[in-house]
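K.L.:
quick check, what structure comes out for this input:
(4 chains)
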4 protein chains.
Amino acid sequence: MTGGPRPRRYGYLGPEGTFTDAALGLALAARGEDGATGAPTAERVPAASVDAALAAVRAGGLDAAVVPMENSVEGGVPATLDGLAGGDPLVVVAEVLVPVSFVLAVRPGTRREDVRVVSTHSHAQAQCRGWLAEHLPDAGYTPSTSTAAAAAGLAPDAPAPSYEAALCARVAAERYGLEVLAEDVGDTAGAVTRFVVVSRPTPPPPRTGADRTTVIAFQPADHPGMLLGLLEEFSSRGVNLTRIESRPTGDALGRYCFAIDAEGHVEDARVAEALLGLHRVCAQVRFLGSYPRADAVPVVVRPGTADDDFAAARGWLDAVRAGRPPAGSHAGDGPVARTTS
Amino acid sequence: MTGGPRPRRYGYLGPEGTFTDAALGLALAARGEDGATGAPTAERVPAASVDAALAAVRAGGLDAAVVPMENSVEGGVPATLDGLAGGDPLVVVAEVLVPVSFVLAVRPGTRREDVRVVSTHSHAQAQCRGWLAEHLPDAGYTPSTSTAAAAAGLAPDAPAPSYEAALCARVAAERYGLEVLAEDVGDTAGAVTRFVVVSRPTPPPPRTGADRTTVIAFQPADHPGMLLGLLEEFSSRGVNLTRIESRPTGDALGRYCFAIDAEGHVEDARVAEALLGLHRVCAQVRFLGSYPRADAVPVVVRPGTADDDFAAARGWLDAVRAGRPPAGSHAGDGPVARTTS
Amino acid sequence: MTGGPRPRRYGYLGPEGTFTDAALGLALAARGEDGATGAPTAERVPAASVDAALAAVRAGGLDAAVVPMENSVEGGVPATLDGLAGGDPLVVVAEVLVPVSFVLAVRPGTRREDVRVVSTHSHAQAQCRGWLAEHLPDAGYTPSTSTAAAAAGLAPDAPAPSYEAALCARVAAERYGLEVLAEDVGDTAGAVTRFVVVSRPTPPPPRTGADRTTVIAFQPADHPGMLLGLLEEFSSRGVNLTRIESRPTGDALGRYCFAIDAEGHVEDARVAEALLGLHRVCAQVRFLGSYPRADAVPVVVRPGTADDDFAAARGWLDAVRAGRPPAGSHAGDGPVARTTS
Amino acid sequence: MTGGPRPRRYGYLGPEGTFTDAALGLALAARGEDGATGAPTAERVPAASVDAALAAVRAGGLDAAVVPMENSVEGGVPATLDGLAGGDPLVVVAEVLVPVSFVLAVRPGTRREDVRVVSTHSHAQAQCRGWLAEHLPDAGYTPSTSTAAAAAGLAPDAPAPSYEAALCARVAAERYGLEVLAEDVGDTAGAVTRFVVVSRPTPPPPRTGADRTTVIAFQPADHPGMLLGLLEEFSSRGVNLTRIESRPTGDALGRYCFAIDAEGHVEDARVAEALLGLHRVCAQVRFLGSYPRADAVPVVVRPGTADDDFAAARGWLDAVRAGRPPAGSHAGDGPVARTTS
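P.N.:
This next block holds a predicted model:
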């Protein structure tokens, strides 16, 4: 190819047909890299694990990777949190929400009464326990490394599997030529998983007014009560948190770090000030990015915490440090003018 | 049956040889139900899952169950937290700490260079990723439903397995007649798992001065900033938290409950007052028990938060409500005696 | 006297014609002791100082005293605060608001251009400085022990005074036969003083829903940051403060006590709990009473802080301590019912 | 004099012999303007009131004024607080501590049994009530406009006074040729008054490490709970307060401003950040200066709040905003290095 930019390489948690694969599709469409526009179509590279995908981004073999961050039923994804908390820094540049709905997929011709063992990823099994107890009470369970892997094992060209059905995404059933015996499997209606696109450090995308900022804050060894102080750094600047997730640091029971999602962008003064405060009270803070919210919910700015309020305070401080009367401080301007002499 | 009480029935996450099985052994020894004393030897009942064990306790088929609560590397165990957060109430009556150290177990005669696929539970695999990458870089991985199940699959009488080695507890290798190729496998030295003994509701065991109290607090739908207020209920009474773990409630992204371990016993006035405050600010609080800490670390009582301080405050309040001068309030008693007339 | 109860004796800061005298009149009318009803008419006893009035109540010579608590311009009245903070306990049983408006009073026949010196109490002079600078710029000032004493000094039968005009209450000008040269003197329109009726300790008057509770909290010597913790005891129970006034304890610069007015009654659970917390964090707390607000503004109860909420929390705590499942804690009742086994 | 700088003009609360006069002497000695060195000897200008002194500084007729700020027994001095809170801005550039000890002064030859009336300023009388009750129980009291004025009224050349004794500073007795009948009069041993030197706005004196910063913070009309938030702005940056004094704003009962003395200098990052926060949560903040503490007690800097900590946080923020990996964030540097791929 002459001229144009090379297509970017995106990793995802494979194999084809995972929910992560679906998330990547949505992310590429949103970024105009799905071939629908004139821009180069991105290359999609499956990875064996979240760790492998992140490692390839760090090493430069990939431009970015899509990994699951949080599930509305199961909570934060430990492999992603730990993978971003340690190692060379990476940042989140975008997020994608994917509804999580499973299908029960079988080789064409298999009937429900033929299903003696079901396979899927252990997290998916956890989300479908109630359904399985009700609809396949006698079926056994064998774990797989991913929902798509369970589907792939039933593909016509796969070796004889040890199970008859897979719980997977609809796209996986289609990809591997399977028949769907049941749809909307899952104990929690409306379950959704939040995926993020991560890259090597880069300036955050511009503010949109509906942004999210993610950090990981590490508790000092000698200050177990840090969480309260940490929360106050945000609340005192009027910054709402949309999520806080504790994770052990692995050193010992009782040592934690906290994955925090805050409303707003690091270019917002109130968010920047909160992060500065956080940096002073934590053993370490890892910045994981500011990026537009997938749900586009605009931030509500509390009185006294807009950029203008921070700028006004700074202007006032500069004046008093310089020995100048601050603007608006002459007699009669203020709320108090009791003295008369 | 003639004479003595019937032996109690304890459930555990089976099959035999799991870390939970080891935890049950420690718990029974601590409670004198292991046959070493004259007391009836408890019956040990394996369960297929945490859910199954808890359900059997609720239904009355078991007197108690031992389940994993928290791991120093992987954090809280979602199945246990969710199993205790919902359903009929259960309480924790004891805790046990078990060091987590894996062995690489094989059928006798298998050499390390013969190992092409390793099996274990996905959480164990997560804790051994580094070791595997270094020592068995070319080996594949197949998940199992438990570390003991991986070992059991290699037992001489098991059908031909699809893997050559299991990562499991030493006790499982012994139980299933396997040979140990490597010990102390695991990326984090000193890893430990905390197990708890749960039963149907019962008065807490007596105070020891080194107790722990566990609750789950549910965030009100309309008050996302509750976490800060929740922490203040404890800190304002001088109650330290040893652990706080967020869990999604499953309703939607951004809705959480918090599993909280606090120092002290519900019979301590400061803990009781903190729980009363918690009850008022939360949508629901589930009390999961007060019980002795396995590490026997005594609680440090901050000035002003001992039972006597609460009793003194109550005595004072009763006096002022009744229109009686409180004890010690006469002229000259207090820190201030400036007036002279 | 045969039959009915003896009339009660009320002290006030004299002489006749002070603002305190006016406050006493309002207080007696509100209590039905002003002779307008069939009840015995109270006896009014002037006192030379706040200290003298409080001492007479303590000694039993008076049943109660009316003293100034707070002025909207000048703030708390130190003599009253200090007089109530030390000595044998006294309690506030009622409050009265009196608008503070001065007149310029002279002997009949004196013209404004004849006024060379004005006399009044130093606090009144402070509130009229602007008016004096504008209307009597050349007049001198001589202090008096009260506004009424300044008026009394101009009475026809008084010895020749060293001043020609008094700033005092209208009632004082009338009492002493003076002529009023100017009305509504004072730099702050709408100034008001809050007076309180104090007695020896007695059970508080019943709750009205529009009550105020007053306490004085003494800072521990070794804990200068107490104020923040003190405020949190109130805010965490949803109790609003209508006033907080620092006073030095007189021991050294930097040692304070705090006079606090809170919304609500000591029989309100949230107020009682806040006071219990206060008692634990302070060196001493002096309860100065719960009584109806003169302005009758009803208290707004924040969700989770009504008496029922405290009672519900207590019922829940009793249940968990006793090992009983709390009300409403069965499966499906709570906000979380995710587990299915 | 030709060439040299003109002597500076300092106002003080007169007449000669007041405690303020004594404070001015100490301030001039500390500043080398008392004639003891070669520098020009400052001119001392008595003023009739705090208001008058402040007005003359504002108008340019004085270079500075010495006024009483706070007394260890009586608390803040309302005239000074109100005079600095309103009107054109002024700043404190130095402070002086003066022990407050009174003498009972009379015309030579007067014996104690001749004293029928005592005169002094009402604040001095308040501090000597106990002594007077014990030693001159039958003496009357007549107020004066200052302690020195009471002494001056007894001077040989003064007109016949209406009292026989004055409670005043020793220096006043000497100045007016009086005889001292009693020393160390006063109910509180060790009483001390803090005076401040105020000037028109000027850059603060350099940091000494033992500085004080004074501000007045005005409560927003619609946010009565501001005090808690205000205190948190300081505590969250590790800034200790040495004094907080509430003052009504004069608008209505329940509206306050707060005079605050904080440890540290506005050039300290933690103080500057606290003031910035204060500016955002208050209706108005009036900066009254940063200046060396008279007691030279050095500030204790809490971990995480030194200037270096603020600079490190800023450097980190700049890096993450620019998309650069922050210093020290490479794999293995941090407290967490669990991932291995």
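K.L.:
flag every residue of the stretch 51-200 of chain A that's near chain C.
P.N.:
Residues of the stretch 51-200 of chain A lying close to chain C by CB under 8 Å from any CB of the partner chain are A:73, A:129-130, A:133, A:187-188. No exception for glycine: its C-beta is placed from N, CA and C like everyone else's.
K.L.:
would you check which pair of the residues you listed lies furthest apart?
P.N.:
Largest separation among these by CB to CB: A:Val73 and A:Ala133, giving 16.3 Å.
K.L.:
more neighbours: those two, which one.
P.N.:
A:Val73 (24 against 14; other CB atoms under 10 Å in any protein chain shown).
K.L.:
for A:Asp138, give me its contacts.
P.N.:
Contact analysis of A:Asp138 by CB atoms under 8 Å, 6 or more residues apart in numbering or on different chains lists A:Arg116.
K.L.:
so how far is C:Leu62 from it?
P.N.:
89 Å (CB to CB, to the nearest Å).
K.L.:
also A:Asn240?
P.N.:
Using CB to CB, we find A:Asn240 at a distance of 57 Å from C:Leu62.
K.L.:
neighbour count winner among these two?
P.N.:
C:Leu62 (23 against 15).
K.L.:
for that one, helix, strand, or coil?
P.N.:
What DSSP: H, G, I helix; E, B strand; the rest coil gives for C:Leu62 is coil.
K.L.:
got it, and A:Ala313?
P.N.:
A:Ala313 - assigned by three-state DSSP - is helix.
K.L.:
count of neighbours near it?
P.N.:
22.
K.L.:
next up, the contacts around it.
P.N.:
Contacts of A:Ala313 by CB under 8 Å, 6+ apart are D:275-277, D:279-280.
K.L.:
quick one: which helix or strand includes the residue positioned nearest the centre of chain A?
P.N.:
Geometric centre of chain A, nearest residue: A:Met69, 3.6 Å, by CA atoms, centre = their mean. In the assignment (DSSP states H and E), A:Met69 maps to strand A:64-71.
K.L.:
any part of that strand near chain D?
P.N.:
No: judged by CB under 8 Å from any CB, strand A:64-71 stays clear of chain D, getting no closer than 12.3 Å.
K.L.:
hmm, who's touching the helix or strand just after that strand?
P.N.:
Counting by DSSP H and E, the next helix or strand C-terminal to strand A:64-71 is strand A:75-76. Identification of contacts with strand A:75-76 by CB under 8 Å, 6+ apart yields A:69-70, A:245, A:247, A:259, B:78, B:246-248.
K.L.:
of those residues, which belong to helices?
P.N.:
Counting by DSSP state H, these place B:Pro78 in helices.
K.L.:
out of the contacts of strand A:75-76, which are buried?
P.N.:
A:69-70, A:245, A:247, A:259, B:78, B:246-248 (16 or more other CB atoms under 10 Å in any protein chain shown).
K.L.:
and the strand holding A:Met69, how far out from the chain middle?
P.N.:
6 Å (CA atoms, centre = their mean, to the nearest Å).
K.L.:
could I have that strand exported to PDB, CA atoms only?
P.N.:
In PDB, the C-alpha atoms belonging to strand A:64-71 read as follows (Å, rounded to 0.1, in the frame of the first residue of the first chain):
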ATOM      1  CA  ALA A  64      -4.600  -1.800  21.300                       C
ATOM      2  CA  ALA A  65      -6.600  -4.600  22.900                       C
ATOM      3  CA  VAL A  66     -10.200  -5.000  24.000                       C
ATOM      4  CA  VAL A  67     -10.600  -6.600  27.400                       C
ATOM      5  CA  PRO A  68     -13.500  -7.100  29.800                       C
ATOM      6  CA  MET A  69     -13.500  -4.700  32.700                       C
ATOM      7  CA  GLU A  70     -16.700  -5.300  34.700                       C
ATOM      8  CA  ASN A  71     -19.800  -7.400  34.600                       C
END
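K.L.:
which strands and helices sit next to it?
P.N.:
strand A:9-13, helix A:19-31, helix A:50-59, helix A:78-85, strand A:91-99, strand A:192-199 (3 or more CB pairs under 8 Å, 6 or more residues apart in numbering or on different chains; DSSP states H and E).
K.L.:
can you pull the pLDDT of A:Thr188?
P.N.:
Looking at A:Thr188, its pLDDT reads 84.
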